[in-house]
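Asks: Take a look and give me a structure for this.
(one chain, ligands or ions: 1)
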Amino acid sequence: MRILVLLALAGALAAADYNLLIRNARVIDGSGNPWFRADVGVRDGKIAAIGNLATASADRTVDAKERVAAPGFIDVHTHVEGGIDRIPEAGNYVTDGVTTVVTGNCGGSEAKLGDWFAALEKQGLGINLASLAGHNTVRRQVMGTANRQATAEEIARMQQLVEEAMRQGAVGFSTGLIYIPGTYSSSDEVVALAQASAKYGGVYASHMRDEGAKVLEAIEEALRVGREAGMPVELSHFKIDNRRLWGSSAKSLALVEKARREGVDVVVDQYPYDHSSTNLGITVPSWALADGDAKVKERLGDRATRARIVKEMVDRVKKLGHKDFSYATVASCRVDRTYEGKNITQINLLRRKKGLKNEAETILDLQAAGGAQMVYHSMREQDVTRILRYPNTAIGSDGGVREFGAGVPHPRSYGTNARVLAEYVRNQQAITLEDAIRRMTSLPARTFRFRDRGLLREGYAADLVLFDPARVQDKATYQKPHQYSEGFDLVVVNGVVVVEDGKVTGAHPGKVLRHRP
Ligand SMILES: [Zn+2]
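Replies: Numbers count the residues shown, from 1 in each chain. Predicted coordinates:
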């Protein structure tokens, strides 16, 4: 007995002050305040101390040598469903400094959130994860892809599903109002479902009904949801997605700012690129894709209906300010992998066809065969920079967990944060380093109410990144996206190292962050 006590005492005496000690760092704490010089001590998954820890002991000490220590990045806008189940380490995210993702965006989430969360916890996660409840997901369960207004009874059933997701820990409600079937919904329906989320303290994350010619109306609709449901609004991947309207982000941002002055808690997020990415189906009129596969096939097989669809597609392209579909490049396509990386104009030529009409026909053939994921060159740099400079713009990749080497996906899944720091902080000096970090950390944490993350503060979760601002660099390009960002030398999630010298360690310290009202 006495020996055991002595052993225990000896153990206690030998225990180090910290599990991990980062010395000589320039601390950027995530608040937007200027850096300060300090040591950071991590113990039991938390930030235990920040200050002069010269006499402290630690299981492991890292000399930062004046590199920046910042909170791990919180990516407010992701689509990791599917990917993270197969690749829980999320290599493309951790190597870009991301330690937490918010998924379930644009109206699409896992249908049974509680079960999914439990499965992820069982399997283990390299990063922390929170999810929204998706509008399209609940509408599909209740109404399939019916192109009509919901009945009162259907609204009630959808509300129940949203409430269920909220009780299981969803952080809010998301819409994707350009996608099937959410695009068939009225504003009243969106408000009613958002209210079900607001009851539990949710945030409304909106992929708006339009990001081009009608963007101002679309912003008004999202603001109305915020006002009538009484909840904060996050406008997703804020952009001007129409060549003819390039430059008008000044107007759209002014509308957001006016709403804030009037008392709507609204912020926006953005990925720092001038190409967007989504499915091929958005180039096809939404009425043509309603009511299930058999109906879609029937429409495409009917000569007169098909001609009408093609005409609408051609008109839409012209309205967007393009002369053909060369702005649309295939990112991944199960039907034919050789199409990946080629644009629709090139694919059309490969099929020995020419002209805008035939390009639309090619799209319909691809769509009928199973569709494709696309990259669209649709924005202008001037708008991207102006939106980035807006103080209430958070950074979000709009990407997913990527299988290294598969397809030619948008580079944003790999390089979003490094690109902000390399291109917009270091090269263009559009925003300061401290402000960029704030948009990746405390601004997202504030919006989604992660109360112990997003800042380097004592007592907060030990999610952190160590990097040299002169060296950090995104490597992923549109042509060669499968390249990890460089410069995030050490990435820590809940006190555990997930990236060491730029390499993924494979550790699984991530947690599911369930919202508690
Ligand atoms: Zn979206």
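Asks: Can you pull up the most central residue in the chain?
Replies: Nearest to the mean C-alpha position of the chain, by C-alpha atoms, centre = their mean, lies residue 77 at 2.0 Å.
Asks: Not counting sequence-adjacent ones, nearest residue to that one?
Replies: Nearest non-adjacent residue to residue 77, counting by C-beta to C-beta, 6 or more residues apart in numbering: residue 396, 2.9 Å away. Just so you know, the C-beta spots here come from the backbone N, C-alpha and C atoms, and that holds for glycine as well.
Asks: Could you list the residues of the stretch 201-350 of the chain in contact with the ion?
Replies: Proximity of the stretch 201-350 of the chain to the ion, by C-beta under 5 Å from the ion, involves residues residue 207.
Asks: what number of residues lie near the residue of the stretch 201-350 of the chain found nearest the ion?
Replies: Residue nearest to the ion within the stretch 201-350 of the chain: residue 207 (3.4 Å; C-beta to the ion). Neighbours of residue 207 under the rule other C-beta atoms under 10 Å: 27.
Asks: Now for residue 202: which residues touch it?
Replies: Going by C-beta atoms under 8 Å, 6 or more residues apart in numbering, residue 202 touches 132, 133, 166, 170, 171, 172, 173, 194, 231, 515.
Asks: if we go to 7 Å?
Replies: 166, 170, 171, 172, 173, 231 (C-beta atoms under 7 Å, 6 or more residues apart in numbering).
Asks: and if you look at residue 244?
Replies: Applying C-beta under 7 Å, 6+ apart to residue 244 gives the contacts residue 321.
Asks: So it: helix, strand or coil?
Replies: Under DSSP: H, G, I helix; E, B strand; the rest coil, residue 244 falls in the helix class.
Asks: repeat for residue 414
Replies: In three-state terms, and counting by three-state DSSP, residue 414 is helix.
Asks: ok now do it, which residues does it touch?
Replies: Taking C-beta under 7 Å, 6+ apart as the test, what residue 414 contacts is 92, 96, 402, 476, 481, 483, 484, 485.
Asks: any idea how far it lies from residue 400?
Replies: 11 Å (C-beta to C-beta, to the nearest Å).
Asks: Can you get me a residue count around residue 438?
Replies: Neighbours around residue 438, by other C-beta under 10 Å: 27.
Asks: Surely it and residue 29 touch.
Replies: No: counting by C-beta atoms under 7 Å, residue 438 sits too far from residue 29 to count as a contact (9.2 Å).
Asks: For whichever residue of the stretch 51-200 of the chain sits closest to the ion, which residues are in contact?
Replies: Closest to the ion within the stretch 51-200 of the chain is residue 106: 3.3 Å, counting by C-beta to the ion. Taking C-beta under 7 Å, 6+ apart, we find residue 106 in contact with 79, 174, 176, 179, 207, 236.
Asks: What about it? Give its phi and psi, please.
Replies: Per-residue torsions, residue 106: phi 60, psi 30 (degrees, to the nearest 10).
Asks: The one 5 residues further on too?
Replies: When quoted as degrees, to the nearest 10, the phi and psi of residue 111 stand at phi -70, psi -40.
Asks: Next: residue 256.
Replies: Residue torsions, per degrees, to the nearest 10, at residue 256 are phi -60, psi -50.
Asks: about what we covered before: who wins for most neighbours among the contacts of residue 414?
Replies: Busiest of the contacts of residue 414 [other C-beta under 10 Å] is residue 96, holding 34 neighbours.
Asks: List the contacts of it.
Replies: Counting by C-beta under 7 Å, 6+ apart, residue 96 has contacts 414, 415, 416, 417, 418, 485, 488.
Asks: for the record, mean pLDDT for the helix or strand harbouring the fourth one?
Replies: By that I understand residue 417. In this assignment (DSSP states H and E), residue 417 forms part of helix 412-419. Per-residue pLDDT values across helix 412-419 average out to 98.
Asks: Who are the packing partners of the helix or strand following that helix?
Replies: Per DSSP H and E, the first helix or strand lying C-terminal to helix 412-419 is helix 433-440. Helix 433-440 is packed against strand 393-395, with contacts defined by 3 or more C-beta pairs under 7 Å, 6 or more residues apart in numbering; DSSP states H and E.
Asks: Settle this for me: residue 326 is touching residue 342, isn't it.
Replies: No: the criterion here is C-beta under 7 Å, and residue 326 misses it with residue 342 at 10.0 Å.
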